[in-house]
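Visitor: Dropping a prediction and its sequence here:
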Amino acid sequence: MAGNDETWQLIHSERAALVDTLDTLSEDQWATPSLCDGWTVKIAAAHILAGAEQTGPGFFTGMVTSGFRFNAMMDRDARRIGTLEHREIVARLRKRTTTTNHPPAPVKAMLGEVVVHGADICQPLGLPTQSAIEATVACLDMYKNATFPVGGKKQVAGVRMIATDTDWSYGVGPEVSGPAASLLLVMTGRDAGLESVSGEGVALLQTRMSGPHGSQGRDR
């Protein structure tokens with residue numbers, strides 16, 4: 001498992017690749033709905049920037065002012081930063097390709113922010129995700145046991161996840177196989193990931209995502 005230094009290297013590389021992509025987007029692309037319910041590509045990018053600029057004290061202040069509602073705080077901050085010009089979001093995120101500040105959470109959570117939300121941005125635009133396979137696998141290993149704020153553990157319970165483009169698998173049960181990036185989308189509640197996976201376990205995941213407690217990127 002990568003240590004913090006290696007994780008920060010992945011984070012910085014993922015941010016730099018995403019910034020290069022964002023810098024090419026048109027006005028219409030910025031306004032395209034992302035994979036996160038209610039968020040455009042611009043607001044999803046603003047959310048990534050909010051996390052990249054977050055600090056411990058800032059996080060606690062935000063929780064207090066949001067009534068200790070985590071998702072409400074995430075949504076508020078993303079929409080606030082989402083009012084900025086596109087070029088300012090790009091410029092500020094580019095400055096975060098060398099910094100190591102973060103909220104009171106494991107450093108690997110910051111990797112998940114840019115990898116998963118980077119896919120939230122790229123997938124609906126028909127753009128290839130920029131994430132390195134090492135970064136994607138690190139996120140799979142993190143989210144497979146996660147309960148909050150991304151309920152990956154519950155999402156993939158009772159199935160066996162098998163990546164077809166790298167040596168990674170997890171779980172017991174009917175199989176779900178596909179590219180690691182698609183498995184990560186599924187694990188984090190994005191039903192768009194189901195388009196590129198196969199196996200006997202897919203039907204269970206489809207039912208789980210379409211049920212009353214299904215998610216589409218609701219947990220930020």
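Guide: Structure received. Numbering: from 1, shown residues only.

Visitor: What lies in contact with stretch 18-34?
Guide: Here stretch 18-34 makes contact (C-beta atoms under 8 Å, 6 or more residues apart in numbering) with 39-45, 48, 86, 89-90, 93-94, 97, 114, 117-118, 120-122, 124-125, 127, 130, 217. C-betas here are computed from N, CA, C, even on glycine.

Visitor: That stretch: how far from the chain's middle?
Guide: Chain-centre distance of stretch 18-34: 16 Å, with C-alpha atoms, centre = their mean, to the nearest Å.

Visitor: which element is Lys153 on?
Guide: Using DSSP states H and E, Lys153 sits within helix 152-155.

Visitor: Tell me the spacing between the residue nearest the centre of the chain and Arg94.
Guide: The residue lying closest to the centre of the chain (C-alpha atoms, centre = their mean) is Val116, at 2.1 Å. Remark: distance between Val116 and Arg94 (C-beta to C-beta, to the nearest Å) = 20 Å.

Visitor: per-domain residue ranges of this structure.
Guide: 4-131, 134-210 (automatic domain parsing).

Visitor: Would you state the strands of this protein in chain order?
Guide: 160-163, 169-170, 175-178 (DSSP state E).

Visitor: elements contacting the last one?
Guide: The one in question is strand 175-178. strand 160-163 (3 or more C-beta pairs under 8 Å, 6 or more residues apart in numbering; DSSP states H and E).

Visitor: quick one: contacts for Gln155?
Guide: Contacts of Gln155 by C-beta under 8 Å, 6+ apart are Val186, Met187, Thr188, Gly189, Leu205, Arg208, Ser215.

Visitor: Throw those residues into CSV and include distance to Val159 and pLDDT, thanks.
Guide: CSV is the format used below for the contacts of Gln155 (distance: C-beta to C-beta, whole Å; pLDDT from 0 to 100):
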residue, distance to Val159, pLDDT
Val186, 9, 96
Met187, 10, 96
Thr188, 15, 95
Gly189, 14, 93
Leu205, 7, 95
Arg208, 9, 88
Ser215, 16, 48
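
Visitor: And these, which of them are buried?
Guide: Val186, Met187, Thr188, Gly189, Leu205, Arg208, Ser215 (16 or more other C-beta atoms under 10 Å).

Visitor: wait, which of those is closest to Arg76?
Guide: Ser215 (19.5 Å; C-beta to C-beta).

Visitor: for the protein, which spans come out with low pLDDT?
Guide: For the chain, the stretches flagged by pLDDT under 70 are 1-2, 211-220.

Visitor: can we see that at 80?
Guide: Within the chain, the stretches with pLDDT under 80 are 1-2, 130, 210-220.

Visitor: Going along the chain, name the helices of it.
Guide: Under the criterion DSSP state H, helices of the chain are mapped to 4-22, 27-30, 41-53, 56-65, 70-81, 86-94, 107-122, 133-143, 152-155, 180-187, 202-210.

Visitor: With distance to Pro106 and mean neighbour count added, can I get the strands of the chain in TSV?
Guide: Listed next are the strands of the chain as TSV, based on distance: least, C-beta to C-beta, whole Å; neighbours: other C-beta atoms under 10 Å:
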stretch	distance to Pro106	mean neighbour count
strand 160-163	21	20
strand 169-170	19	14
strand 175-178	26	20
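
Visitor: coming back round to it: so for Tyr170, which of the helices of the chain sits nearest?
Guide: Of the helices of the chain, nearest to Tyr170 by C-beta to C-beta is helix 133-143, at 7.2 Å.
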